[in-house]
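1. From the sequence below, what's the structure:
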Amino acid sequence: MAALSACNGSSNTDGDPGPGPGPGPGPSPTVTIDPVSGFLNTSTPIEQQNVNSGAAPLRIAVGTTATSETITVAGTSRRYVLLRPTAQLSNPPLLVMLHPSFTSAETMANTTNVSDYALTQGFWVVLPQSQSGGWNDDAVPSRDDDVLFVSQLIDTLVAQGSVDPTRVYATGFSSGGFMTQRLVCDLPGKIAAFAIDAATMRNSMAATCGSPSVVRPKLYFLGTADLIVAYNGVFPEMPNGQRSADGTMAFWSAQQGCDDPVVSAQLPDRAADGTRVTRNVYGGCRGGTRLELYTITGGGHAWPGGDSSLFGVTTRDIQATGLLWNFFSGYRR
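-> From the prediction side, this is the model:
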C-alpha cells in the first residue's frame with residue numbers, strides 16, 4: 001500500500017484531515033445532495049488538496065485519504081486506487097468506479113468529483129486500473145480477466161472488514177460503462193446496483209447475459225450528441241453492434257419485468273450550456289428494482305456535471321455522481 005504524496009495542501013493524506021465541510025470528523029449532517037440535480041448543497045466550499053500517485057495527479061477533498069495499491073489476479077499484478085474518508089467509519093458502503101479507455105483511475109476520480117461525495121456521504125471508493133488501455137468489457141476470451149479483478153477487489157475489502165458486503169455498487173464511464181454492464185451480467189451476487197454513463201448494450205453482451213435469477217437496479221446517463229457511443233445505436237441490428245438508448249432500456253426492462261408505463265420528466269435548465277435533461281423512470285419492475293435513464297439532449301461523450309469531457313458538451317444541469325449515489329443508497333443486496 002502506498003500513500004499518495006501531496007503536491008499542495010496537506011503533506012500527508014493519512015494525517016490530520018484539516019478543516020472539513022462541517023463540524024467534526026466524518027460525514028457532515030449539514031451537507032446534502034440535491035435530489036433533482038445531484039449537486040452537493042454545502043454551506044462552505046469543500047477544501048481540496050492535490051496528491052500524486054506516480055501514475056497521474058489526483059485531486060481529493062481534505063478529509064479524505066487516497067492510496068495506490070496492487071492485488072495479484074490470476075498471476076498478474078493489478079493496480080487500483082482506494083479513496084476513503086480519513087475518519088474511521090463503521091461498515092461503510094463501497095463504490096466501484098471504472099474509468100474510460102486510455103485514461104486512469106486518478107482521472108476518473110478527478111472527473112467525477114467523487115471524493116467530495118465520499119467525504120460528505122460516508123462511503124469508500126475503489127478505482128481499478130485497466131491493463132493495456134482498456135477493459136475486457138465483452139464476453140470474449142482475453143488475458144485480462146477484469147471480472148475476476150473486480151470480484152477479488154470486493155472480496156478483499158470485505159474480508160478485511162473494511163466495507164459492508166450488502167452495500168457494494170458499481171459505475172463506469174464510456175468503456176468503463178460497458179464493463180459495468182458486463183458486471184451486471186457476471187457479478188449480480190456481489191453488487192447491489194449499477195450506474196452506466198456513455199455506454200449502451202452491445203448485442204454480443206445481450207446474447208450472453210441471459211435471464212439472471214437475480215436482477216439489480218440500473219441507472220443510465222446518455223447524451224444525444226455523443227459521437228463515440230451514438231444515442232441511436234451503432235449498427236444496432238448487427239451481432240457486434242451497439243443498441244440504441246431505447247433498445248438498451250427495452251432489454252433491461254424486459255429482464256426486470258418493468259410493467260408500468262414509463263414516467264418522463266424534463267429537469268430544470270440550470271445552466272446556459274445548450275443541454276436539457278429528461279429523466280425516464282421505468283416502473284413496476286421485479287423485486288422492487290428500478291430502471292432509470294437520464295437523456296442529455298445536446299450532451300456529448302462526458303460525465304454529467306464532471307470536470308472534463310472526452311468529446312462534446314458536458315451538461316451542467318445535473319451531477320451524475322450525486323444522482324447515482326442517491327439512487328444506490330436505497331438498495332442492499
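2. okay, residue 207: pLDDT?
-> You'll see residue 207 listed with a pLDDT of 88.
3. Helix or strand next in line after the host helix or strand of residue 106, which one?
-> Per DSSP states H and E: residue 106 is located in helix 105-112. As assigned by DSSP H and E, the chain's next helix or strand after helix 105-112 is helix 114-121.
4. packing partners for the helix holding residue 106?
-> strand 57-61, strand 76-85, strand 94-98, strand 124-128, strand 168-173 (3 or more Cβ pairs under 8 Å, 6 or more residues apart in numbering; DSSP states H and E). Placement of C-beta: from N, CA and C, glycine included.
5. Please produce a markdown table containing these, extended by distance to residue 302, mean neighbour count and mean pLDDT.
-> As requested, the helices and strands packed on helix 105-112 are exported to a markdown table (distance: least, Cβ to Cβ, whole Å; neighbours: other Cβ atoms under 10 Å; pLDDT from 0 to 100):
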| stretch | distance to residue 302 | mean neighbour count | mean pLDDT |
| --- | --- | --- | --- |
| strand 57-61 | 18 | 23 | 93 |
| strand 76-85 | 21 | 20 | 95 |
| strand 94-98 | 16 | 27 | 98 |
| strand 124-128 | 18 | 25 | 98 |
| strand 168-173 | 9 | 28 | 98 |
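6. Out of these, flag the one nearest residue 291.
-> With distances scored as Cβ to Cβ, the stretch of the helices and strands packed on helix 105-112 nearest to residue 291 is strand 168-173 (15.1 Å).
7. Let me see the mean pLDDT of the longest helix along the chain.
-> In the chain, assigned by DSSP state H, the helix with the most residues is helix 146-159. For helix 146-159, mean pLDDT rounds to 96.
8. circling back: export the helices and strands packed on helix 105-112 to TSV and append columns for distance to residue 245.
-> What follows is these, written out as TSV (distance: least, Cβ to Cβ, whole Å):
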stretch	distance to residue 245
strand 57-61	31
strand 76-85	30
strand 94-98	20
strand 124-128	26
strand 168-173	16
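9. of all those, which lies closest to residue 259?
-> strand 168-173 (25.3 Å).
10. Identify the residues contacting the closest one?
-> The contact list for strand 168-173 (Cβ atoms under 8 Å, 6 or more residues apart in numbering) reads 93-100, 108, 111-112, 150, 154, 158, 177-180, 183, 187, 190-199, 303, 324, 328, 331, 333.
11. Now list the buried members of those.
-> 93-100, 108, 111-112, 150, 154, 158, 177-180, 183, 187, 190-199, 303, 324, 328, 331 (16 or more other Cβ atoms under 10 Å).
12. Can you tell me, leaving aside adjacent residues, what's nearest to the most centrally placed residue in the chain?
-> By Cα atoms, centre = their mean, the chain has its centre lying nearest to residue 171, at 2.7 Å. In space, residue 171 comes closest to residue 195 once its chain neighbours are excluded; the distance is 4.0 Å by Cβ to Cβ, 6 or more residues apart in numbering.
13. Isn't the one you found up against residue 219?
-> Yes - in this structure, residue 195 is within contact of residue 219 by Cβ atoms under 8 Å, at 4.3 Å.
14. does residue 182 sit in a helix, a strand or a coil?
-> Of the three states, residue 182 takes helix under DSSP: H, G, I helix; E, B strand; the rest coil.
15. how far off helix 114-121 does the helix holding residue 106 point, in degrees?
-> Helix 105-112 and helix 114-121 are oriented at 70 degrees to each other (axes from the mean of the first three to the mean of the last three Cα atoms, to 10 degrees).
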